[in-house]
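> Output the structure for:
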Amino acid sequence: MSGAALAILDGRADGTILALSEPLSFWGGVDPATGRIIDVHHPAHGASVSGAVLMMPTSRGSCTGSGVLLDLVLEGRAPAALVFSGSEDVLTLGALVAGELFGRSLPVFRLSEANFAALAKASCARLGPEGIEAEGLRLAVEPLSAADLTLSDHDRSCLAGERGEAARQAMRILCAVARQQGAEALTNVSRAHIDGCIYASPANLTFAEKMEALGARVAIPTTMNAISVDRENWQRQGVPDAFGLPAARLADAYVRMGARASFTCAPYLLPDAPEEGEAIGWSESNAVIYANSVLGARTAKHPDFLDLCIALTGRAPLSGVYLREHRRARRVLHVDAPDGAGGAFWPVVGYLAGLASPDRIPLLTGLASLAPTPDDLKALCAAFGTTSAAPMLHVEGVTPEAEGAALPEADHLTITRADLATAWERLNGGPATIDLVALGSPHASINECRTLAEALDGRQRADGVSVIVTAGRDTIAAARADGTLARLASSGVEVLPDLCWCSISRPVFPERAKVVLTDSGKYAHYGPGLSGCTVRLGTLQDCVEAALTGRALPRLPAWLN
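Numbers count the residues shown, from 1 in each chain. The predicted structure is shown next:
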């Protein structure tokens, strides 16, 4: 990058600078109703992004951040401008959709690390096509290169409106994103997964219904993420119409556009999971990381809204990890794994790996002897996705592309047992009395459901403790068929379809619950900001103990003692 700032999206802005030292996920990290940062683990917790010149290295975490940003724009609570020091797709896409579909401009700039550091020291700034000015600092601004993409006949047909207005608009957005990413062309994808069906804010519904009104219809097989209500039962569960109706409308809009009502955040658990080397167009951070890392499929971490554009056209920008050279590891993380590490080890090491590699693909070593199961890798990928913007990781001796994955110039770091203990204590701390045990983030597999049923062994949960598992419809059907669902019900466990913990709301989330125990690193991170509760990470044994007694003492697991 030159010394000049790059205008990713044109516009003018001025305001007070809010410079973040760490990336931030807008979904689960920013309250769309107020613009305040609600991620309790972020150094800027409590600050407001509204009206600020928001600076951060890049974003991280959920693909749904684009929807949160669009809602902030439409409701007048957005930052005045976004300034990044590295590439960024999620928030940039939200700003792009705000301009393309709703005529609301939000400028986005990218600076070199040196200029970013200099601007971050200022208290306020004025930004525009002529330059960036801030307390004696002046930076020239260059427009984003408008180099033509190599387009197929299909692409040109979409742009010409020959495949309908929705496909035309989708292709316009895809081409704009491709240029921003430096892609030279688009690529075919075999399937899509929609993340934007979560009712994170009214903007998600506004976008979906606008595209449906334009005649949108998916062109490739398309699955759907977990939604924000139990589609068939939300009224019986007492969900207020003010939330339940728009959440159901959002899900129904995507189904009418041709998406499959799979309603799961773990589409890799479906019977027809992608194959190694298959180019797909998935959204939802944990699903993307698992697909790339564990299955060896190829997909960028597509933001909400771009997922539908891909589904409507069967095309995605040919950039990032679609290209073999961008799937290499630029950091090697040597993990000092304790002997006898249990299932709870994987979310912790994933969480730490993301913090240690927030902006690049890592190779993790020292883990092969632990022989991780698919469920272990699910937990690893989900936790990694909460703290890193990278779309994949490699595990030496485990994942399909790990051999030779590290670039010669990759740097090396170590995750020590002390690091593991510190992270565990950070995520495990809180009151010993537990009101709610929350399992299935991402959605529980049939093996996880069976393991829980065996651990409870028909014993009844304690009075005053709720135990809830969220799982996909296919998994619940399998659990019903083999008797697992009945065994869980005999212990007082509720298994919910369609929802996941990151989209559940009260009263389905028990009203009286104040302290939550989970085995999910992802939910331990996002849960406090989303629920307003204390959310503690525990082992499965801790979760079973809490279910039966209502208590789980904060403590290190045996493999860390």
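
> Mind listing what's buried along stretch 213-229?
Residues of stretch 213-229 classed as buried under the neighbour-count rule (16 or more other CB atoms under 10 Å) are 214, 216-229. All C-beta spots, glycine's among them, are computed from the backbone N, C-alpha and C.

> ok, now stretch 532-551?
533-548, 550.

> ok, now stretch 268-281?
Those would be 268-270, 274, 278-281, for stretch 268-281 by 16+ other CB under 10 Å.

> Show the end-to-end separation of that stretch, please.
Distance across stretch 268-281, first residue to last, is 13 Å (CA to CA, to the nearest Å).

> how distant is that stretch from the center of its chain?
Put simply, stretch 268-281 sits 18 Å off its chain's centre (CA atoms, centre = their mean, to the nearest Å).

> pLDDT of that stretch, averaged?
On average, the pLDDT along stretch 268-281 is 97.

> returning to that earlier point: inside strands: which ones of the buried residues of stretch 213-229?
Counted as lying in strands by DSSP state E, out of these, are 222-224.

> between these, which is closest to Asn188?
Thr222 (14.5 Å; CB to CB).

> Can you tell me how far the closest one is from Asp435?
Distance, Thr222 to Asp435, by CB to CB, to the nearest Å: 38 Å.

> which residues in the stretch 451-561 of the chain form strands?
466-471, 493-496, 515-518, 534-537 (DSSP state E, counting those that start in this stretch).

> what does the stretch 301-450 of the chain give?
Using DSSP E, counting those that start in this stretch, strands in the stretch 301-450 of the chain cover 315-317, 329-335, 362-365, 394-395, 406-415, 436-444.

> the inter-axis angle of the last one versus strand 466-471?
Right, strand 436-444. 10 degrees (axes from the mean of the first three to the mean of the last three CA atoms, to 10 degrees).

> same thing with the fifth one?
Calculated by the same axes, to 10 degrees, strand 406-415 forms an angle of 180 degrees with strand 466-471.

> Out of the buried residues of stretch 213-229, which two sit at the greatest distance?
Most distant of these, by CB to CB, are Ala219 and Val229, 27.6 Å apart.

> what about this protein, any weak spots by pLDDT?
Counting by pLDDT under 70, the chain contains low-confidence ranges at 1-3, 146-147.

> residue nearest the centroid of it?
Ser62 (2.2 Å; CA atoms, centre = their mean).

> how about it, what does it touch?
Ser62 sits next to 25-28, 90, 195, 284-285, 385, 502 when contact means CB atoms under 8 Å, 6 or more residues apart in numbering.

> now swap in Ala192 and tell me
Contacts of Ala192 (CB under 8 Å, 6+ apart): 218, 220-223, 280-283, 307, 310-311.

> Please tell me how far the residue lying farthest from the centre of the chain sits from Gly342.
Largest separation from the mean C-alpha position in the chain: Gly136, at 38.4 Å (CA atoms, centre = their mean). Look at Gly136 and Gly342: by CB to CB, they are 56 Å apart.

> what do you get for Val395?
17 Å.

> Looking at those two, which is more packed in?
Val395 (27 against 16; other CB atoms under 10 Å).

> Show me what the nearest residue to the more buried one once chain neighbours are set aside bridges to in the sheet.
Residue nearest to Val395 in three dimensions, not counting chain neighbours: Leu364, with 4.9 Å by CB to CB, 6 or more residues apart in numbering. Bridge pairing for Leu364 (DSSP bridges) gives the partners Leu333, Val395.

> which residues sit in contact with the spatially closest residue to Gly277 that is not a sequence neighbour?
Nearest non-adjacent residue to Gly277, counting by CB to CB, 6+ apart: Gly296, 6.3 Å away. Neighbour list for Gly296: 275-277, 399-401 [criterion: CB under 8 Å, 6+ apart].

> One more: His41?
426, 525.

> let's see 7 Å
Contacts for His41 (CB atoms under 7 Å, 6 or more residues apart in numbering) come out as His525.

> Against Ala423, how distant is it?
Counting by CB to CB - His41 and Ala423 are separated by 11 Å.

> what do you get for Asp359?
19 Å.

> One more: Thr470?
Computed as CB to CB, the Thr470 to Ala423 distance reads 24 Å.

> Between those two, tell me which one has more neighbours.
More crowded of Thr470 and Ala423, by other CB under 10 Å: Thr470, with 30 against 21.

> The more buried one against Gly440, yeah?
Yes: Thr470 is in contact with Gly440 according to CB atoms under 7 Å; the separation is 3.8 Å.

> Now do the shared contacts for those two.
500-501.

> check contacts around the residue lying closest to Ala421 once chain neighbours are set aside.
In space, and not counting its chain neighbours, Ala421 is closest to Leu560: 5.2 Å by CB to CB, 6+ apart. Residues in contact with Leu560 (CB under 7 Å, 6+ apart) are 338, 417, 420-421, 424.

> okay, the residues you listed in CSV with neighbour count and distance to Leu149 next?
Formatted as CSV, the contacts of Leu560 follow (neighbours: other CB atoms under 10 Å; distance: CB to CB, whole Å):
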residue, neighbour count, distance to Leu149
Pro338, 17, 50
Arg417, 13, 49
Leu420, 24, 45
Ala421, 16, 50
Trp424, 24, 47
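
> Against Glu75, how distant is Lys210?
From Lys210 to Glu75 the distance is 16 Å (CB to CB).

> swap in Pro221?
From Pro221 to Glu75 the distance is 35 Å (CB to CB).

> if I read this right, Pro246 contacts Leu205, doesn't it?
Yes: the pair Pro246 and Leu205 qualifies as a contact (CB under 7 Å) at a distance of 5.2 Å.

> Same drill for these two, tell me which one is more crowded.
Between Pro246 and Leu205, Leu205 has the larger neighbour count (other CB under 10 Å), namely 22 against 19.

> host element of the more buried one?
Using DSSP states H and E, Leu205 sits in helix 202-213.

> Tell me which residues are up against that helix.
Under CB under 7 Å, 6+ apart, the answer for helix 202-213 is 67, 70-71, 74, 97, 101, 166, 196, 198-199, 246, 249-250, 253-254, 256-257, 304-305, 308.

> at 8 Å what do you get?
32, 64, 67-68, 70-71, 73-74, 97, 101, 166, 169-170, 196-199, 246, 249-250, 253-254, 256-257, 304-305, 308, 312.

> Show me these that map onto helices.
Of the contacts of helix 202-213, the ones assigned to helices by DSSP state H are 67-68, 70-71, 73-74, 97, 101, 166, 169-170, 246, 249-250, 253-254, 256, 308, 312.

> Just the buried ones out of these, please.
Buried members of those, counted by 16+ other CB under 10 Å: 67-68, 70-71, 73-74, 97, 101, 166, 169-170, 246, 250, 253-254, 308, 312.

> OK, contacts around the residue nearest to Val189 when sequence neighbours are not counted?
Nearest residue to Val189 in three dimensions, chain neighbours excluded: Gly281, at 4.0 Å (CB to CB, 6+ apart). Counting by CB under 8 Å, 6+ apart, Gly281 makes contact with 189, 191-193, 220, 299, 302, 307, 310-311, 316.
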